[in-house]
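Visitor: Below is the sequence, then the predicted model.
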Amino acid sequence: MTTVRKHNPALQQRLALLVEAGETDRLADTLDSLSHADRRTASYLLAEKLLPAMTEASRFWTLFKSLVSRNARAYLGTMLKAAAALYDAGRIELALPPLDYTDVDARKIADAFLPVLRTPAEIASLHPSKIALVRGGTVPCYYVLFQELKQLDGKPQIQTRFCLELIRRGDSLSFNMAALVQAYFGLPPVNATFSLRVEPFQLSRLDETYESFAKTLTYI
């Protein structure tokens with residue numbers, strides 16, 4: 001496994017000047033000119049230090065579009081890590097540039113953003129797969145997953161599959177979600193003990209609002 005060198009003051013200063021000046025083309029040219037080892041260091045510095053320190057959302061998304069449109073394979077992961085950090089810090093909104101993303105790119109975008117997105121609407125806008133929603137592992141992710149499982153009427157085998165995927169995830173929220181899925185859809189018993197006891201009257205609340213769903217899911 002290759003170890004990433006995380007400390008290179010000269011390279012960090014060089015990259016910082018280009019980021020601050022908005023020199024997107026020169027930044028890309030600089031990254032392309034680096035050795036493999038220095039490019040890995042540069043990616044770390046950009047994703048962990050320089051880009052998360054940006055304060056202007058429009059400048060960040062301009063940089064995102066420029067680098068990713070130039071070479072998504074090289075730069076998408078770096079930009080997504082920074083974007084998720086900026087979103088989580090409340091400095092940007094979800095405003096991905098409308099580029100020609102591949103299916104692999106879409107999976108990377110979902111994996112980066114789903115754990116931090118705050119609303120079901122934002123999550124649904126990414127059109128994530130059901131298994132990506134399980135990996136996201138948050139209340140809004142599970143609300144979107146619940147809505148999608150409701151569309152699988154008459155397919156209990158698929159609903160059971162995702163109940164089991166939730167159990168495999170292993171955390172308390174996922175166990176609660178598995179308990180709700182099993183109870184709501186009347187699925188066969190699974191090999192798990194749930195701490196969340198779902199009363200019949202609570203099941204109807206799952207169809208009311210996101211807030212009602214969240215309250216039931218997180219109730220212990």
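Guide: Cool, got the structure.
Visitor: Give the phi and psi angles for the residue nearest to residue 47 when sequence neighbours are not counted, as a check.
Guide: Closest residue in space to residue 47, ignoring its immediate chain neighbours: residue 81 at 4.1 Å, by C-beta to C-beta, 6 or more residues apart in numbering. All C-beta atoms are positioned from the backbone trio N, CA, C, and that covers glycine. The phi/psi pair for residue 81 (degrees, to the nearest 10) reads phi -60, psi -40.
Visitor: so residue 81 touches residue 44, yeah?
Guide: No - using C-beta atoms under 8 Å, residue 81 is not in contact with residue 44, being 9.5 Å away.
Visitor: Run through the neighbouring helices and strands of the helix or strand of the chain with the lowest mean pLDDT.
Guide: When each helix and strand of the chain is scored by mean pLDDT, DSSP states H and E, helix 200-205 comes last, with a mean of 85. With contacts taken as 3 or more C-beta pairs under 8 Å, 6 or more residues apart in numbering; DSSP states H and E, helix 200-205 sits against helix 210-217.
Visitor: Can you spell out which helices and strands pack onto the helix it packs on?
Guide: In this structure, helix 210-217 packs against helix 139-150, helix 172-185, helix 200-205, with contacts taken as 3+ C-beta pairs under 8 Å, 6+ apart.
Visitor: can you redo the ones you listed as JSON lines with mean neighbour count?
Guide: As requested, those are exported to JSON lines (neighbours: other C-beta atoms under 10 Å):
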{"stretch": "helix 139-150", "mean neighbour count": "20"}
{"stretch": "helix 172-185", "mean neighbour count": "20"}
{"stretch": "helix 200-205", "mean neighbour count": "12"}
